[in-house]
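Participant: Mind looking at a prediction? Sequence and model below.
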Amino acid sequence: MSHLDADILDRHAYLDSAAHRLDPRAKVIATLVFITTVVSYSKYAVSSLTPFILFPLAMAIIGFVPARLLIRRVLIALPFLVLIGIFNPLIDRTPVAEIGGLEITGGWISFVSIMFRGCLCIAAAITLIATTSFPRVTEALGALGVPKPFVTQLMLLYRYLFLLVEESRRMNRARSLRAVTSKTPLAVASSMLSVLLMRTMDRGDAVYMAMKARGFDGEMKTSRRMKWRFADTLFLIIMVTSCVTLRLTPVTHMIGGLGLKI
């Protein structure tokens, strides 16, 4: 994720909409239920996952999440999804279908399923961050019983990730001004990474000493309070009921059968 997109996503999380006003705990639980349901399908499931597009799409519309930002985040993750399932067509060569004389093996079906599921989960996570903000997500995780050290590490990682990115951009800009060519040799790149690592460790020590001097006891304190409302209960009931219903009921097959009858 680029520094600009991360900043846009962070700013968007503090807007006001129906999705933003939902309790962070409700949105976190709903997203976890959604991801768990999507992942629980068999490796050959593709059409059955189609109705799950509605959840990230509805959250993006209600939360005014820019379509361009959401699509770009999903596209950036595609190479990693490809690496996960790229060997499936080579391993599973069992024919399962035939389209226009072209034989489709189970490996290609499972590969498409992995890509589809990955995109759905990433889109759900992006809409969660875009309508909640990462600090509020970590607060919700802490309120839901996630161990405090883990929540604190996530919060610190988020808060100082921007500083790390800005430091790397500053180093790259300095290298560009001093270099004859715009290309970065492997030796120079490795040297820059080592310097960045040392600066990161020094910055971490300085931040830790500053936090200890101000009374940090291992817990991120905030003045904001989460308030559960009836709308949060209704949203969570609708979300959980929809996921369970779609998981237990072959909706796409029923619709397809109805279409054939018509």
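Facilitator: Received the coordinates, thanks.

Participant: Now do the phi/psi pair for residue 64.
Facilitator: Note on residue 64: backbone dihedrals following degrees, to the nearest 10 are phi 60, psi 40.

Participant: try the one 3 residues further on
Facilitator: Reported as degrees, to the nearest 10, the phi and psi values for residue 67 are phi -60, psi -40.

Participant: Kindly provide the whole-number mean pLDDT of stretch 246-257.
Facilitator: Taken as a whole, stretch 246-257 has a mean pLDDT of 71.

Participant: in what helix or strand does residue 98 lie?
Facilitator: Take DSSP states H and E as the rule and residue 98 turns out to sit in strand 95-99.

Participant: moving C-terminal of that strand, what's the next helix or strand?
Facilitator: Downstream of strand 95-99, the first helix or strand assigned by DSSP H and E is strand 102-105.

Participant: So for that next one, what gets flagged as buried?
Facilitator: residue 105 (16 or more other C-beta atoms under 10 Å). C-beta coordinates here come from the backbone N, C-alpha and C atoms, glycine included.

Participant: Which positions in the longest helix along the chain come out as buried?
Facilitator: Selection of the longest helix in the chain by residue count, based on DSSP state H, yields helix 148-178. For helix 148-178, the neighbour count (16+ other C-beta under 10 Å) marks 151, 152, 154, 155, 156, 158, 167, 168 as buried.

Participant: contacting residues around the third one?
Facilitator: With contact taken as C-beta atoms under 8 Å, 6 or more residues apart in numbering, residue 154 is in contact with 134, 138, 141.

Participant: Do you know the pLDDT at it?
Facilitator: Value for residue 154, per-residue pLDDT: 84.

Participant: Ok, residue 98 next?
Facilitator: 72.

Participant: Would you tell me what the next helix or strand after the longest helix of the chain is?
Facilitator: Past helix 148-178, the next helix or strand by DSSP H and E is helix 186-213.

Participant: Tell me which other helices or strands that next one touches.
Facilitator: helix 148-178 (3 or more C-beta pairs under 8 Å, 6 or more residues apart in numbering; DSSP states H and E).

Participant: on that earlier part again, which one of the contacts of residue 154 has the most neighbours?
Facilitator: residue 138 (25 neighbours; other C-beta atoms under 10 Å).

Participant: so that residue sits right up against residue 151, yeah?
Facilitator: Yes. Counting by C-beta atoms under 8 Å, residue 138 touches residue 151, with 5.1 Å between them.

Participant: Neighbours of residue 97, how many?
Facilitator: 11.

Participant: Which residue comes closest to it once chain neighbours are left out?
Facilitator: residue 104 (4.3 Å; C-beta to C-beta, 6 or more residues apart in numbering).

Participant: Please tell me how far that neighbour sits from residue 96.
Facilitator: 6 Å (C-beta to C-beta, to the nearest Å).

Participant: How about residue 160?
Facilitator: Taken as C-beta to C-beta, the span from residue 160 to residue 96 is 48 Å.

Participant: Any chance of a markdown table for the contacts of residue 154, columns secondary structure?
Facilitator: Converted to a markdown table, the contacts of residue 154 look like this (DSSP: H, G, I helix; E, B strand; the rest coil):
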| residue | secondary structure |
| --- | --- |
| 134 | helix |
| 138 | helix |
| 141 | helix |
